[in-house]
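[1] Sequence unavailable; structure follows:
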């Protein structure tokens, strides 16, 4: 058995992990398929982080472990917690979660480390974690009331804050419970054990599923969720935040967060705006209909010579103090002529309603190229609307 496991695992990676743990005095705890660092670590100074402080890390090679990942993410700022998902063989499952002390640091980590070249041919995918904290429990034992269920759940799992009972079914003949946990970690641990525990305690098989924190749709799904991508492609439909006004560069070497930060570059003068060009060929021409529910305004137009349309839109929002635009893009269908069609919304914080519409692109040679192409097409349409270009 041990020889079979060594064939699956990389002995050199395992030795490097053990040496790093010994050298840095790092403790890792494995529970229910997760190997956990911190939560908090011994030298943590500060409160328990709230929502929005965690990032999701994907595309991790199966023989890469915490000795390479934790120092990389600590180069941004101190980590409150790091969780690497593991399988029974001792390999990782290809994804992990890193939690920082505040949401701004999590955003900085996404911009600095998304598409980071971890090794030849491998780029990490880093994005904000949805941090779902609520579970929906169905098929509960008949006659179990709220207070009894709350007591049972607190005995079987940690971090239960509250529950809400809800009648379901066409006639309300069934009851489900919405269970609120103190953290995503507590909820995910409960999700792993409650089905089996209820079967042992009450002889019933309950159903459990995640629910979102609110009625708003979240497109930043975790690895376990279904991807909204064109058939045969892995283009994630996601809510993404463009780079901030200052540039966060990927570290060529691992910088310790205690090192002094380099000075920020001086802000360039506002460019003199030339006339706006028409819609680019690169996206196959404009979609047939762009829904505009915002009263457009005439403004100075961005410098098309110095940035692509994503940079131009960000420039325009900065110029009018509108906030950072958020892109919400979903794959819709592939037409007979081969174009990929996407619906989009751009949420600009200080505008009363989102800009929404549709774009189409030709398939590209890689997911990253297509993702960038879609975003450029969306930004170009938004600029036309905002600059009153019909």
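    Yep, that arrived. These figures come from a predicted structure and were not determined experimentally.
[2] How about residue 150, nearest residue that isn't a chain neighbour?
    Distances taken as CB to CB, 6 or more residues apart in numbering put residue 163 closest to residue 150, at 5.3 Å, once the chain neighbours are dropped. Where C-beta positions appear, they are placed from N, C-alpha and C, glycine not excepted.
[3] mind checking the end-to-end distance for stretch 355-371?
    19 Å (CA to CA, to the nearest Å).
[4] Just the buried positions in it, please.
    Buried residues in stretch 355-371, defined by neighbour count with 16 or more other CB atoms under 10 Å: 355-361, 364, 370-371.
[5] go on, stretch 45-61?
    So stretch 45-61, judged by 16+ other CB under 10 Å, has buried residues 49, 53-57, 60-61.
[6] Ok, stretch 376-390 next?
    So, applying 16+ other CB under 10 Å, buried residues of stretch 376-390: 376-387, 389.
[7] Show the backbone phi and psi for residue 136.
    Phi and psi for residue 136, reported as degrees, to the nearest 10, are phi -110, psi 120.
[8] Distance-wise, check it relative to residue 163.
    Residue 136 sits 11 Å away from residue 163, going by CB to CB, to the nearest Å.
[9] returning to that earlier point: between the buried residues of stretch 45-61, which sits nearest residue 108?
    Closest approach to residue 108 among those (CB to CB): residue 55, at 9.8 Å.
[10] you'd agree the closest one is in a strand?
    Yes - assigned with DSSP: H, G, I helix; E, B strand; the rest coil, residue 55 falls within a strand.
[11] Which parts of the stretch 51-200 of the chain are strands?
    For the stretch 51-200 of the chain, the strands defined by DSSP state E, counting those that start in this stretch cover 54-58, 81-86, 92-99, 117-119, 122-123, 125-128, 134-138, 160-168, 174-181.
[12] would JSON lines of these with distance to residue 346 and mean pLDDT be doable?
    Converted to JSON lines, these look like this (distance: least, CB to CB, whole Å; pLDDT from 0 to 100):
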{"stretch": "strand 54-58", "distance to residue 346": "23", "mean pLDDT": "94"}
{"stretch": "strand 81-86", "distance to residue 346": "32", "mean pLDDT": "94"}
{"stretch": "strand 92-99", "distance to residue 346": "28", "mean pLDDT": "94"}
{"stretch": "strand 117-119", "distance to residue 346": "29", "mean pLDDT": "92"}
{"stretch": "strand 122-123", "distance to residue 346": "26", "mean pLDDT": "93"}
{"stretch": "strand 125-128", "distance to residue 346": "17", "mean pLDDT": "93"}
{"stretch": "strand 134-138", "distance to residue 346": "28", "mean pLDDT": "91"}
{"stretch": "strand 160-168", "distance to residue 346": "34", "mean pLDDT": "86"}
{"stretch": "strand 174-181", "distance to residue 346": "32", "mean pLDDT": "87"}
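[13] Of those, which is nearest residue 42?
    strand 81-86 (12.7 Å).
[14] still on that earlier bit, does the residue nearest to residue 150 have beta-bridge partners, and which?
    Beta-bridge partners for residue 163, by DSSP bridges, are residue 179.
[15] ok, it to residue 134 distance?
    Distance from residue 163 to residue 134, by CB to CB: 10 Å.
[16] Touching both of these two, which residues are there?
    Shared contacts of residue 163 and residue 134 (CB atoms under 8 Å, 6 or more residues apart in numbering): 178-180.
[17] What distance do you get for the residue of the chain most remote from its centre to residue 315?
    The centre of the chain is farthest from one residue, residue 143, which by CA atoms, centre = their mean lies 39.2 Å away. Per CB to CB, residue 143 is found 62 Å from residue 315.
[18] Where does pLDDT dip in the stretch 101-250 of the chain?
    Applying pLDDT under 70 to the stretch 101-250 of the chain flags residues 169-173, 212-250.
[19] Can you show me the helices along it?
    103-113, 146-156, 184-202 (DSSP state H, counting those that start in this stretch).
[20] List the buried residues for the first one?
    Just to be clear, that refers to helix 103-113. In helix 103-113, counting by 16+ other CB under 10 Å, buried: 105-113.
[21] quick revisit: any chance of TSV for the buried residues of stretch 376-390, columns pLDDT and distance to residue 208?
    Shown next, in TSV, are the buried residues of stretch 376-390 (pLDDT from 0 to 100; distance: CB to CB, whole Å):
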residue	pLDDT	distance to residue 208
376	89	41
377	90	40
378	91	36
379	90	40
380	88	44
381	88	41
382	88	40
383	88	45
384	84	46
385	83	43
386	81	45
387	77	49
389	47	50
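[22] Would you reformat these as TSV and include secondary structure and distance to residue 76?
    Shown next, in TSV, are the buried residues of stretch 376-390 (DSSP: H, G, I helix; E, B strand; the rest coil; distance: CB to CB, whole Å):
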residue	secondary structure	distance to residue 76
376	helix	28
377	helix	31
378	helix	28
379	helix	27
380	helix	32
381	helix	34
382	helix	30
383	helix	32
384	helix	37
385	helix	36
386	helix	33
387	coil	36
389	coil	40
